[in-house]
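Participant: quick one, fold the following:
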Amino acid sequence: PQPAALVSTFPPPACSRLHDCGLPQKQRRSFHPLRSSCGALLALNPTLLPPSHLLTMARILFVLVLALAAVASADVLDFLQVGEVEEVENTCGGNCPSNKCSSCPCGTSKNMVNIGSYCSQYSDWSQACCNCIANAESGGNANAVYHNTDGSDDVGLFQVNSFNWASCSGGKAPCSPQTNLQCAHMVWGWGSKTWKYWATCGQCGCCNKA
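Facilitator: Residues are numbered from 1 along each chain as shown. From the prediction side, this is the model:
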């Protein structure tokens, strides 16, 4: 017979806590946990698992379900976003290239004009800078519009911001190229007769130039 000391220090068998393992108590103690026939029983019948193991499996399944749901949600979101872009494509008849305009203050048809003919109406500013700025801002479309993240709108040949409309065009969108030109000249003057208030002044090299 095995010494009592050795029996007391033997690692507890995997199924020593299971009453339906189908093995006598002595036989269960003589089986190593990793070689026990109870291991085969557990693999074939998960209902024999202890509650703690079942809880672990349930948690793993829950995490997998959440992961699959997240992937499915991302795919659905991508689909909806693509659909949204398609719905707003060619906003304002092409006057809003960003397709993010909430309104079309200058209508839904383009009005392409000769930039040089408007820039030349003022001789106190650089013709090169004027042409470059207007071309970068609107491409010559007098009905162009851009909706900013702060809620304001830039419109017209020189993309005059709506914060300036009250001062230069009676509070209305300066869609007329002539009115837009006058507003642009006023903003240019407010900038110490430079183009520093236009976001495109850097690419034109005119931020500190007349």
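Participant: distance of Asn141 relative to His185?
Facilitator: Noted for Asn141: a distance of 19 Å to His185, by C-beta to C-beta, to the nearest Å. The way it works is simple: take the backbone N, C-alpha and C, and place the C-beta from them, glycine included.
Participant: please apply the same query to Gly202.
Facilitator: Taking C-beta to C-beta, one finds Gly202 at 21 Å from His185.
Participant: looking at the two, which is more packed in?
Facilitator: More crowded of Gly202 and His185, by other C-beta atoms under 10 Å: His185, with 18 against 12.
Participant: that's a helix at that one, yeah?
Facilitator: Yes: His185 sits within a helix when classified using DSSP: H, G, I helix; E, B strand; the rest coil.
Participant: show me what contacts it?
Facilitator: When contacts are counted by C-beta atoms under 8 Å, 6 or more residues apart in numbering, His185 touches 122, 125.
Participant: can you give me the pLDDT of it?
Facilitator: His185 carries a pLDDT score of 98 in this model.
Participant: for Cys132, helix, strand, or coil?
Facilitator: Using three-state DSSP, the secondary structure recorded for Cys132 is helix.
Participant: and it, what is it in contact with?
Facilitator: Counting by C-beta under 8 Å, 6+ apart, Cys132 touches 200, 203-204, 206.
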